[in-house]
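Student: let me see the structure of the following:
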Amino acid sequence: MVCAVPGVVYMLAAMLSVQFGGAFAATLIPEIGPLGTVALRLTIATIILIPFARPGLHDRRTGRRHSRGDWIRVVAFAVTLGVMNTSFYFSLRTLPIGVAVTIEFIGPMTMAALGSRTWRDSLAVLLAAAGVVGVSGALNADWSQVSLPGIGFALGAGVAWALYAKASQAVGARWESLRGLTWAMIICSVVILPFGIASAGAELLRPRHLLVGAAVALMSSALPYSLEMYALRKLSTKAYGILTGGEPAVAALAGLLVLSQGLHPLQIVGMVCVISASILVLGHEHHDRSGRAAVAASD
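Tutor: Alright, predicted model coming up:
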């Protein structure tokens, strides 16, 4: 369990950070738009990360210059970050947030399903899928208000979310600490910032927008992305895909505590399903790791 617990702790901290950061982001979207919000969030997050990561062209562990393959991984990571954030914020313009989260979660859940090999894996995937639908409130949403463009953006965010996990693992394996993430954030910010400026203009520089943007950047980008990169060094992408089912559960809890949004029985049942799925996959991860360790010890 020692190997698996840190990854779960990182994931839980990341989910808490993202959901509370999302509450601040919700106040920015109507004022500076999705592109302005993403640009402000990613740019400030990059500025926060640079002094800590001190990104360079060489690996400090080996002294070697990073290869072309290393940079290709970073660029791919930057693309997934940009598409995931921008698509999700655009989906919120026309979709209820519960519906958007449910559709987006199809991405990591599909990734988890593709990695399923046993009945425990399959049961965990089904439980998490049922739980996320229940927690999100999608079954109570007014689907007559749902637009096809919104669904398309949410699906795009879901695909990017699944690819983000793979890209984060690839970068974490080749880059020291947070350097790869920081370079990906730099690339993403440089590409998106001009679009954010064109969309929101001088509104981006209003003190309130900068203050809220800084909070969103720290809570929704710099901190959770760093935590998830560490988590993905401890967990498989299958485990990550199922454990992200806690996102809607944490969001529901944050809504209850911060926004006084009550939970109906279906949401409570959904939270139990998601937690049960997480326990199943975590237990299986521990069993697999223990089995491999025992085999290695006997060789």
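
Student: what segments of the stretch 51-200 of the chain are helices?
Tutor: Counting by DSSP state H, counting those that start in this stretch, one finds helices in the stretch 51-200 of the chain at the ranges 68-91, 97-104, 106-114, 119-136, 148-174, 179-200.

Student: average pLDDT across the third one?
Tutor: If I follow you right, that is helix 106-114. Helix 106-114 shows a mean pLDDT of 75.

Student: so what does it touch, helix or strand wise?
Tutor: If contacts are counted by 3 or more CB pairs under 8 Å, 6 or more residues apart in numbering; DSSP states H and E, helix 106-114 sits against helix 119-136, helix 148-174, helix 237-243. In short, each C-beta sits where N, CA and C put it, glycine included.

Student: nearest to residue 36 among these would be which one?
Tutor: With CB to CB as the criterion, residue 36 lies closest to helix 148-174 of these, at 16.3 Å.

Student: which other helices and strands does the closest one contact?
Tutor: Going by 3+ CB pairs under 8 Å, 6+ apart, helix 148-174 lies up against helix 68-91, helix 97-104, helix 106-114, helix 179-200, helix 223-231, helix 237-243.

Student: neighbours of residue 195, how many?
Tutor: 17 (other CB atoms under 10 Å).

Student: just residue 209 next, same as before
Tutor: Neighbours of residue 209 (other CB under 10 Å): 20.

Student: OK, contacts around it?
Tutor: Residue 209 makes contacts with 28, 31, 32, 40, 203, as judged by CB atoms under 8 Å, 6 or more residues apart in numbering.

Student: what helix or strand is the first one on?
Tutor: Under the criterion of DSSP states H and E, residue 28 resides in helix 4-53.

Student: pLDDT averaged over that helix - what is it?
Tutor: Helix 4-53 comes out at a mean pLDDT of 85.

Student: so how far is residue 160 from residue 196?
Tutor: For residue 196, the distance to residue 160 equals 18 Å [CB to CB, to the nearest Å].

Student: ok, now residue 60?
Tutor: 30 Å.
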